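Visitor: I'd like to go over a predicted model; first the sequence, then the structure.
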Amino acid sequence: MKRRLLLFLLIASFPAVFSQSPARLSDGIPVAAPKAARINAEKLKEMDSAIRSDQFKNITSVLIARNGKLVYEKYYQGFADSSLHDTRSATKSITGLLIGLAIDQKMIPSEKTTVTRYFQDKKPFQNPDSRKDQITIEDLLTMSSLLECDDDNQYSRGNEERMYLIEDYYRFYLDLPVRGYAGFAKKPEDSPYGRSFSYCTAGTVLLGGVLERSTNMKVDAFADKYLFGPLGITKTAWQITPMGSPMTGGGLGLRSRDLLKLAILMQQGGKWNGRQVISGSWIRKSATTQAHVREFKGQNYDYGYLLWQQAFGQDKKYAAYYMSGNGGSKIAVIPELDLAIVITSTLYGSFQGHLQTEKILSEYIVAAVGE
């Protein structure tokens, strides 16, 4: 009898639990109840039940903020608010923010700046070609450099798995040959936005070298001073390359609430708690479509400055831009709905990880707000 009563009380408390505000911590993130943010708490309860019943695999956290206020925060699989998540390639988007900050600080002239100017010590490059000296920071930010580098092609000379076998990641990228375009492949001039996209971790790693050589600071020190420090992010875990530099292509460990701070920062045009941390113009450029990636199952995927872009929703779809990491992790902004979202997931090595977080975004989170 007591066990039945306890179960009844637990079930009866669910609606109240999901309508309450998340915990207010001393990390600078304001909180609010879902109802105050006009979010359907019942839909969030359905999402939580689906995750806990293993309909979605390996989800480790879900956080939702609306109008800059945290309204939902849940952890799974033994993770907590203090846990660091391996962001994998979501780190690339943070690298994009750091490049913007270096431009804001006048340490880099602009994204149109060529990259080989920072690597004269690596010359002569293998596969010499004068066009290598025309590669810009923007080419690397948009994954559309003219070098032959494609992580989605196991035969590509620039595939990241080949990079991990050598010591000097910068030289690995700079030594790559210029890519050619077979008759069935779209050349840049024939592609949407004038760029041929190919996903290339090595190019983003080279941006770490651009940061260190332009700022005379290690990437982690620069990030702490200009990005993480102003946001109150104090707990990080960078992977280190064989040459001793923080890895800017993936693997940075961050807490879910700190990932949410980055999403809120972007959603609020580069501001954090009223302070302009990074220029609004850089956020706009980063979130603007720069290259078309692909169409898959009726879904359109585009790319900005190291940020993915697609639309989420069911009956009505809402444009979003987001950080994305192997395993399915997404740190997303949906401007029209004033949403900043963190979903962390460890379903590594499977595209299903991305498909299930897309489903969570469309069928639960957007449905709780926009439909």
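Guide: Received, thanks.
Visitor: run through the strands of the protein in chain order.
Guide: 59-66, 69-75, 84-86, 253-255, 271-272, 275-276, 291-296, 299-303, 308-313, 317-325, 329-334, 339-345 (DSSP state E).
Visitor: most packed of the ones you listed?
Guide: strand 339-345 (a mean of 28; mean count of other Cβ atoms under 10 Å). Backbone N, C-alpha and C define where each C-beta goes, glycine included.
Visitor: that one pairs with which strands?
Guide: Using DSSP bridges, strand 339-345 pairs in its sheet with strand 59-66 (antiparallel), strand 329-334 (antiparallel).
Visitor: just want the most central residue of this protein.
Guide: residue 323 (1.7 Å; Cα atoms, centre = their mean).
Visitor: need the strands paired with strand 339-345 in TSV with mean pLDDT, can you?
Guide: Below are those laid out as TSV (pLDDT from 0 to 100):
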stretch	mean pLDDT
strand 59-66	98
strand 329-334	98
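Visitor: of the ones you listed, which is nearest residue 195?
Guide: Of all the strands paired with strand 339-345, the one in closest proximity to residue 195, counting by Cβ to Cβ, is strand 329-334 (22.4 Å).
Visitor: just want the angle from that closest one to strand 308-313.
Guide: 70 degrees (axes from the mean of the first three to the mean of the last three Cα atoms, to 10 degrees).
Visitor: quick one: residues in contact with strand 329-334.
Guide: Strand 329-334 is contacted from outside by 85, 87-88, 90, 93, 259-260, 262-263, 266-267, 287, 312, 318-324, 339-345, 354, 357-358, 361, 366, using Cβ atoms under 8 Å, 6 or more residues apart in numbering.
Visitor: just the angle between that strand and strand 317-325, please?
Guide: Here strand 329-334 points in a direction 150 degrees away from that of strand 317-325 (the same axes, to 10 degrees).
Visitor: now the strands of the chain as TSV including distance to residue 176?
Guide: Listed next are the strands of the chain as TSV, based on distance: least, Cβ to Cβ, whole Å:
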stretch	distance to residue 176
strand 59-66	35
strand 69-75	41
strand 84-86	27
strand 253-255	29
strand 271-272	38
strand 275-276	38
strand 291-296	19
strand 299-303	20
strand 308-313	24
strand 317-325	24
strand 329-334	28
strand 339-345	31
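Visitor: settle this for me: the residue nearest to the centre of the chain is touching residue 88, isn't it.
Guide: No: the pair residue 323 / residue 88 is not scored as a contact, 9.8 Å apart, by Cβ atoms under 8 Å.
Visitor: and residue 231, what does it touch?
Guide: 28, 258, 261-262, 265, 272, 277.
Visitor: between those, which sits nearest residue 291?
Guide: Distances from residue 291 to the contacts of residue 231, taken by Cβ to Cβ, are shortest for residue 262, at 22.0 Å.
Visitor: count the residues that sit near the closest one.
Guide: By other Cβ atoms under 10 Å, 25 other residues sit near residue 262.
Visitor: so what's the closest residue to it other than its chain neighbours bridging to?
Guide: With Cβ to Cβ, 6 or more residues apart in numbering as the criterion, residue 262 has its nearest non-adjacent residue at 6.4 Å, and that residue is residue 331. Counting by DSSP bridges, residue 331 is bridged to residue 323, residue 342.
Visitor: what ranges do the helices span in the stretch 1-150 of the chain?
Guide: 2-19, 41-52, 90-104, 137-141 (DSSP state H, counting those that start in this stretch).
Visitor: other SSEs contacting the shortest one?
Guide: If contacts are counted by 3 or more Cβ pairs under 8 Å, 6 or more residues apart in numbering; DSSP states H and E, helix 137-141 sits against helix 90-104, helix 201-215.
Visitor: including distance to residue 125, could the ones you listed go into CSV?
Guide: Formatted as CSV, those follow (distance: least, Cβ to Cβ, whole Å):
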stretch, distance to residue 125
helix 90-104, 22
helix 201-215, 12
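Visitor: could you dump those helices to CSV with mean neighbour count?
Guide: Shown next, in CSV, are those (neighbours: other Cβ atoms under 10 Å):
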stretch, mean neighbour count
helix 90-104, 24
helix 201-215, 24
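Visitor: I'd like those helices as CSV, with mean pLDDT appended.
Guide: Output for the helices and strands packed on helix 137-141, formatted as CSV (pLDDT from 0 to 100):
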stretch, mean pLDDT
helix 90-104, 98
helix 201-215, 98
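Visitor: nearest to residue 77 among these would be which one?
Guide: Of these, nearest to residue 77 by Cβ to Cβ is helix 90-104, at 17.9 Å.
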